[in-house]
Structures are given as structure tokens and as C-alpha cells.
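Asks: the following comprises the amino acid sequence and a computationally predicted model.
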Amino acid sequence: MRVITQQTLGGPEVLTIVDAPEPQPLPTEVLVRVEAIGLNPLEALLRAGEFPPLIGRPPFVLGWDISGVVEEAQTWRFRPGDEVFGMPLFPRAANAYAEFVSAPALHLVRKPASLSHVEAAALPVVGLTAWQGLVDLGGVTEGDRVLVHGGGGGVGHVAIQIAKALGAYVIATAGGSKRKFVEGFGADEVIDYTAVDFTGAVRDIDVVLDTIGGDTVERSLEVLRPGGHLVTAVAEGDAELIAKYEAAGMRFSGIAVDPDPVALRGLVELVEQGRLRVHVQETFPFERVTDAHRLLDGGHLQGKLVLTL
């Protein structure tokens, strides 16, 4: 089979396609013939060595988001021919930039017919991050006021829809060029962070979901109601910030997404109800992974990028 690997850290040009043996599924695992692979900003950081080495030093194979067809099943949960998707093994290496992936059956769910493989591959990392941040950690309920930072990004545009499905009033920050895009996913208000300071535009927020980091996390303290909750996907280990929030009587939670079949099935339910869709900005054939990573490096994406096989 073909895999995308790298022998050294660096720019997109270090990614190369090589031949490798097919993985052999262990008991409780399945072998998936991959149809599509979702790309995430974390993978660009790992490729370049700009993030703590979750999967060690090169050579390694990046990737976690997959959608495909079960080829072999060492479990009763799936049969050959089943269409599945998920985010196996995160944060351990799943070796997902490949034509075949061996994955724990519990880290996958059946792909609904209403989702293409491309859409399904785009959903797990961003969907699970948003779900775990808003449902499991944030405990968002009907009538809550939710602020989503980075509403036009991968996690952000999915988080808006999940919060709306939970009955929340949703405010999102986004660049002015993304206003219509973000509104299209149901945001009740959109704040153009390039023109307006969000701390002067909103108040009495129950839950803030942060996907931006930097001073956005600290400044979000000003907009929370007493006892409000900040959930961040990018600054979870900042002890100083945690102490500042706790001293102000607020809650601070960091989310490090993990595989979760219950949450995946929750996402599928929303998809089947027509309450959740994932936006794919662009697809690239497997052979053009370097082009995809150049776009990933540029940031400011609308939704997700996906490789197809």
C-alpha cells in the first residue's frame, strides 16, 4: 500500500509517498480501506516540529481523521463492507495518511448514508473537540449564551451547530470576510474581531469555547457571567490562566480531544436530523498532499481540507 511519510521535520516538501506493508488488525480491530482523510492544523505543526512530539521523531506517518470501508474485521462490531469513519488512537499515531489503516473498532462508527466519505473524514477531530467541549465539559443547556471564538474554522463552524442544537444562543467571532459563512451555520450574532473588540460587544456569557488561544483566552474572562465557564482547545495547560479564572470565581477547562464512540454517534444523530453539516473548503488527491499542507500552513481556512483516494 502507499503511505505518506517524512524522514525529517520541515515544510510540506518533506512529505513523501512510499510503499509499505498493509497493517494487520489485532483482535478487536478492523482494517479499513481508506476513501478520504481529514487534515488538521495539528498535523502541520507536527510535520514542522512546532508542537511537542506526540508521535515521536521522524520517520512517522501523520493523520487521524479517516472514512472508508472495512476490509477485515477482528471483532463482532463490524463486518467487511461496512462504511465507517472516526479518529482512531489519538493522540497516539494512527498512521492515517495511508491507503489502509488498522484501528480499534471502538474508535469508529458506521458512516451515515447522508454523509459522503469526504464529509465523514472531515468531521471526527473537529466534531469530537466541539462535542466534548460543549456537551461533556461545558454542559451547555437550552437558553445558555455561548461564545465561540474562531467560528469560521474547523472546530468553530461545527461548534456553532452543536450549541444551536442544544438550544443555546450563539455568538461567534470571525473575520469580516467569513460573516456570511458563519451566519450560514446558525450563529445568532457574529463579531468581526478585526474591527470590534469582543470584550466590549458581549456580556453575560455562560460558556466560551476558545479555538484561538493567545490573549483571547485571558480577555474572555471579561465577558463571562459570574460562575461562567471557559473551555479552550489550545491553552489547556496554562497554570497561570487557570489560577486567574478560579480567583475570579469562573471555571476553566482545557480539552484534549480523545476517541469517543458515544460522541461520534451523537454527531451522526445530528447529521441525520439535518442539524449538523461539515464544510470542506477543498479536496486534494492523495498525491497532492504537499499542496494541501501548504494551504494548511496558511491558516484562515473555512472548515476543513480533505485528501481523497
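Replies: Nice, I can see it.

Asks: phi, psi of residue 70?
Replies: Here is the backbone geometry of residue 70 (degrees, to the nearest 10): phi -70, psi 120.

Asks: so what's it bridging to?
Replies: For residue 70, the beta-bridge partners under DSSP bridges are residue 32.

Asks: contacts only, for it.
Replies: Residue 70 makes contact with 30-33, 78-84, according to CB atoms under 8 Å, 6 or more residues apart in numbering. (Each C-beta comes from the backbone N, C-alpha and C, glycine too.)

Asks: how about residue 49?
Replies: Per CB under 8 Å, 6+ apart, neighbours of residue 49: 9-10.

Asks: one more: residue 187?
Replies: Going by CB under 8 Å, 6+ apart, residue 187 touches 148, 151, 160, 170-172.

Asks: most surrounded residue in the contacts of residue 70?
Replies: residue 32 (31 neighbours; other CB atoms under 10 Å).

Asks: is it true that that residue touches residue 84?
Replies: Yes: if you go by CB atoms under 8 Å, residue 32 and residue 84 touch, sitting 6.3 Å apart.

Asks: shared neighbours, the two?
Replies: In contact with both residue 32 and residue 84: 68-70, 108, using CB under 8 Å, 6+ apart.

Asks: could I get the residues you listed as a markdown table with distance to residue 279 and pLDDT?
Replies: Formatted as a markdown table, the shared contacts of residue 32 and residue 84 follow (distance: CB to CB, whole Å; pLDDT from 0 to 100):
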| residue | distance to residue 279 | pLDDT |
| --- | --- | --- |
| 68 | 21 | 98 |
| 69 | 24 | 98 |
| 70 | 27 | 98 |
| 108 | 22 | 98 |
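
Asks: any of these buried? List them.
Replies: Applying 16 or more other CB atoms under 10 Å to the shared contacts of residue 32 and residue 84, the neighbour count classes 68-70, 108 as buried.

Asks: from the residues you listed, which two are the most distant?
Replies: Within those, two members stand farthest from each other by CB to CB: 69 and 108, at 11.3 Å.

Asks: so what sits against both of the two?
Replies: With CB under 8 Å, 6+ apart as the test, residue 69 and residue 108 both reach 32, 84.

Asks: how about the lowest-mean-pLDDT helix or strand in the chain: buried residues?
Replies: Sorting the helices and strands of the chain by mean pLDDT, DSSP states H and E puts helix 239-247 at the bottom, at a mean of 89. Of all the residues in helix 239-247, those buried under the rule 16+ other CB under 10 Å are 241-242, 245.

Asks: between those residues, which is nearest residue 135?
Replies: residue 245 (20.5 Å).

Asks: so is the nearest residue to the closest one once chain neighbours are set aside in a helix, a strand, or just coil?
Replies: Nearest residue to residue 245 in three dimensions, chain neighbours excluded: residue 252, at 3.8 Å (CB to CB, 6 or more residues apart in numbering). In three-state terms, and counting by DSSP: H, G, I helix; E, B strand; the rest coil, residue 252 is strand.

Asks: wait, residue 252 touches residue 237, no?
Replies: No: because the distance of 11.1 Å does not satisfy CB under 8 Å, residue 252 is recorded as not touching residue 237.

Asks: where's residue 294, which helix or strand?
Replies: helix 289-298 (DSSP states H and E).

Asks: what mean pLDDT does that helix get?
Replies: The average pLDDT within helix 289-298 is 97.

Asks: and it, what does it pack against?
Replies: strand 29-39, helix 41-48, strand 280-285, strand 304-308 (3 or more CB pairs under 8 Å, 6 or more residues apart in numbering; DSSP states H and E).

Asks: among the ones you listed, which is nearest residue 268?
Replies: Of these, nearest to residue 268 by CB to CB is strand 29-39, at 15.5 Å.

Asks: elements contacting the closest one?
Replies: Taking 3+ CB pairs under 8 Å, 6+ apart as the contact cut, strand 29-39 packs with strand 65-73, strand 100-104, helix 117-122, helix 289-298, strand 304-308.

Asks: name the stretch among those that sits most buried.
Replies: helix 117-122 (a mean of 26; mean count of other CB atoms under 10 Å).

Asks: following element in sequence after it, please.
Replies: With DSSP H and E, the next secondary element past helix 117-122 is helix 124-131.

Asks: partner strands of the next helix or strand after that next one, parallel or antiparallel?
Replies: In the C-terminal direction, the helix or strand that comes right after helix 124-131 (DSSP H and E) is strand 145-149. Applying DSSP bridges, strand 145-149 is found paired with strand 169-174 (parallel), strand 205-210 (parallel).

Asks: dump these to TSV, plus mean pLDDT.
Replies: As requested, the strands paired with strand 145-149 are exported to TSV (pLDDT from 0 to 100):
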stretch	mean pLDDT
strand 169-174	97
strand 205-210	98
